[in-house]
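In: with the sequence up front, the predicted model follows.
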Amino acid sequence: MANSSSNNVSVVIVTHNSSACIHHCINSLASQTIQPERIIIVDSGSEERNYLDRYRKQTGITLVERENIGYGAANNVGLSHIDPDSDFFLIINPDTFLDDCFVEQALKCSEKYQDASIL
């Protein structure tokens, strides 16, 4: 994955029975002009997890499976898997489909508003 040399971005996606949309979400991340360094998918108690099989050994993706612990707790699990060297993290839902330049534009915003904690 191509990255800006000084802007490592990690993404956390919490999923629960999201087979209808997770693949499109991951594809939208793969299409970014500045791609995330790492994607952490946290499955929170899906009834059937086969739809996540393709991500189990995919480079740049970490799959974490838990019982249904809820959205907030699952995000905390995902955040605990982010590399401490990541400059930024993005929390998105599995039905989020980003425009190709979203990460690039968010990084430009972070340069412009350096005192901001959240964009």
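Out: Everything's here; your move. Just so we're clear, the structure is a prediction, and the values are computed from it rather than from any experiment. Residues are numbered from 1 along each chain as shown.
In: contacts and neighbour counts: CA atoms only from here.
Out: Fine.
In: any stretches of this structure with poor pLDDT?
Out: 1-6, 119 (pLDDT under 70).
In: just the strands in it please.
Out: Assigned by DSSP state E, the chain shows strands spanning 9-15, 38-44, 61-66, 88-92.
In: list the buried residues in the shortest one.
Out: Of the residues in strand 88-92, those scored as buried under the neighbour-count criterion (16 or more other Cα atoms under 10 Å) are 88, 89, 90, 92.
In: of all the residues you listed, which two lie farthest apart?
Out: Greatest spatial distance among the buried residues of strand 88-92 (Cα to Cα): 88 and 92, at 13.2 Å.
In: quick one on the thing from earlier: mind giving me CSV with the buried residues of strand 88-92 and columns for distance to residue 55?
Out: Output for those, formatted as CSV (distance: Cα to Cα, whole Å):
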residue, distance to residue 55
88, 22
89, 19
90, 19
92, 17
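In: re earlier: out of the strands of the chain, the one nearest residue 115 is which?
Out: Residue 115 lies closest, by Cα to Cα, to one member of the strands of the chain: strand 88-92, at 13.8 Å.
In: tell me the contacts of the residue lying closest to residue 17 once chain neighbours are set aside?
Out: Nearest residue to residue 17, sequence neighbours excluded (Cα to Cα, 6 or more residues apart in numbering): residue 46, at 4.7 Å. Residues in contact with residue 46 (Cα atoms under 8 Å, 6 or more residues apart in numbering) are 15, 16, 17, 18, 67, 68.
In: now swap in residue 103 and tell me
Out: Going by Cα under 8 Å, 6+ apart, residue 103 touches 32, 33, 34, 35, 36.
In: do you know how far residue 35 is from residue 61?
Out: The gap separating residue 35 from residue 61 is 12 Å, by Cα to Cα, to the nearest Å.
In: okay, those two: which has more neighbours?
Out: Taking other Cα atoms under 10 Å, residue 35 and residue 61 do not tie; residue 35 has more neighbours (23 against 19).
In: distance of the more buried one from residue 76?
Out: Distance from residue 35 to residue 76, by Cα to Cα: 22 Å.
In: cool, residue 32 as well?
Out: In this view, residue 32 and residue 76 are 24 Å apart by Cα to Cα.
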